[in-house]
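**Q** structure, please.
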Amino acid sequence: MRDRSAPDVPAALLRHVRITTSHVARVELGAPWGVRLRPRDTVSLHHVLTGEVWLTGVGRETVARNGDLLVLAHETAYELRHRPGARVSDEPAWPHPAPLSARHLHGGPGERTVLLCAELSVTGAARAALVRALPTVAHLPAGTVPGLDAVLDLLRAEVRTARPGAEPVVARLTELLLVQGIRAELDRRPEPGTWRAALTDDHIARALDAMYTTPEHPWTLVTLARTAGLSRTTFATRFRALVGETPFAHLTRWRMALARDLLREQPTSTLATIAARVGYADEFAFSTAFRREVGEPPGTYRAADR
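**A** The predicted structure is shown next:
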């Protein structure tokens, strides 16, 4: 059981992302088949309804069978096949948008593989940190993640029956499915020295949780070290080793990510108000930091976004 007093960094990150479903479809593939998926900036989900899928990408091969879920969260190309070594072709131009009950056929007359495929957009200040915490390919076998099968059952039923109002229901279920998949993956034991390890290191996680939940606080190296329960030197050394940058470099990048969101979403808020919300005492200090991090003044960024 999780220690209730321990910092929950994934929860802090999930509060600062927005997940929206852009496409869901049922895909039937007949052997022999192989598809090369182009790089994309969305997160892809592939749920195996029937048969098996061999996935190749970034130097590894993964096989997913009935009931398994694959989460592809990085901007890279992948290849899906009915068996290892099968020839692949570029992915077809699937109808978009398409009815949820559509049967997209691809391949030959042989044994069928049926997939439920979805693409989701993940945006918000915490997107980069959250995606960084995920592996290139997350493979969640059937029955191994508490609660995941129940969501999949509901999703399959909605797609199969295509009842009135199914599309928004499917979209919400798909978004919940991704959140459940992220939580399951973050629960796995991380490799030492990785960003995932930083999220689960009790001391560093306390500092990260403090940064993410109260960025407006006037943090110093001393107060962050105290929050982490470490000496200043030990904290700075361990933080850099696990996170890959100094505590203040990370805090600044987080504040600027939040500021970009606020500038887009709150067009009537003054720069002074946004500066205070992300931890800057005055508009000038905020504008200087924003320009150094983003490459342009906040006012210019806001105008361009409009």
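
**Q** how close does the nearest residue in space to residue 247 that is not next to it in sequence sit to residue 230?
**A** With Cβ to Cβ, 6 or more residues apart in numbering as the criterion, residue 247 has its nearest non-adjacent residue at 5.0 Å, and that residue is residue 239. Placement of C-beta: from N, CA and C, glycine included. Distance from residue 239 to residue 230, counting by Cβ to Cβ, to the nearest Å: 9 Å.

**Q** and if you look at residue 250?
**A** Relative to residue 230, residue 250 is positioned 16 Å away (Cβ to Cβ).

**Q** again with residue 17
**A** When residue 17 is compared with residue 230 (using Cβ to Cβ), they lie 29 Å apart.

**Q** again with residue 114
**A** According to Cβ to Cβ, residue 114 stands 52 Å off from residue 230.

**Q** repeat that for residue 19.
**A** 34 Å.

**Q** just residue 286 next, same as before
**A** Here the distance between residue 286 and residue 230 works out to 29 Å (Cβ to Cβ).

**Q** packing partners of the strand or helix carrying residue 64?
**A** When elements are defined using DSSP states H and E, residue 64 is found to belong to strand 60-65. Judged by 3 or more Cβ pairs under 8 Å, 6 or more residues apart in numbering; DSSP states H and E, the packing partners of strand 60-65 are strand 43-50, strand 52-57, strand 137-140.

**Q** which helix or strand in this structure has the lowest average pLDDT?
**A** Least confident element among the helices and strands of the chain, by mean pLDDT, DSSP states H and E: strand 103-107 (a mean of 65).

**Q** got the angle for the following helix or strand past it vs strand 52-57?
**A** Tracing the chain past strand 103-107, the next element assigned as helix or strand by DSSP H and E is strand 112-123. Strand 112-123 and strand 52-57 are oriented at 40 degrees to each other (axes from the mean of the first three to the mean of the last three Cα atoms, to 10 degrees).

**Q** helices along the chain, start to end?
**A** For the chain, the helices defined by DSSP state H cover 9-14, 127-133, 148-161, 166-187, 195-200, 202-213, 221-228, 232-243, 247-265, 271-277, 283-294, 298-305.

**Q** can you tell which of those helices is closest to residue 24?
**A** Judged by Cβ to Cβ, the one of the helices of the chain that comes nearest to residue 24 is helix 166-187, at 5.4 Å.
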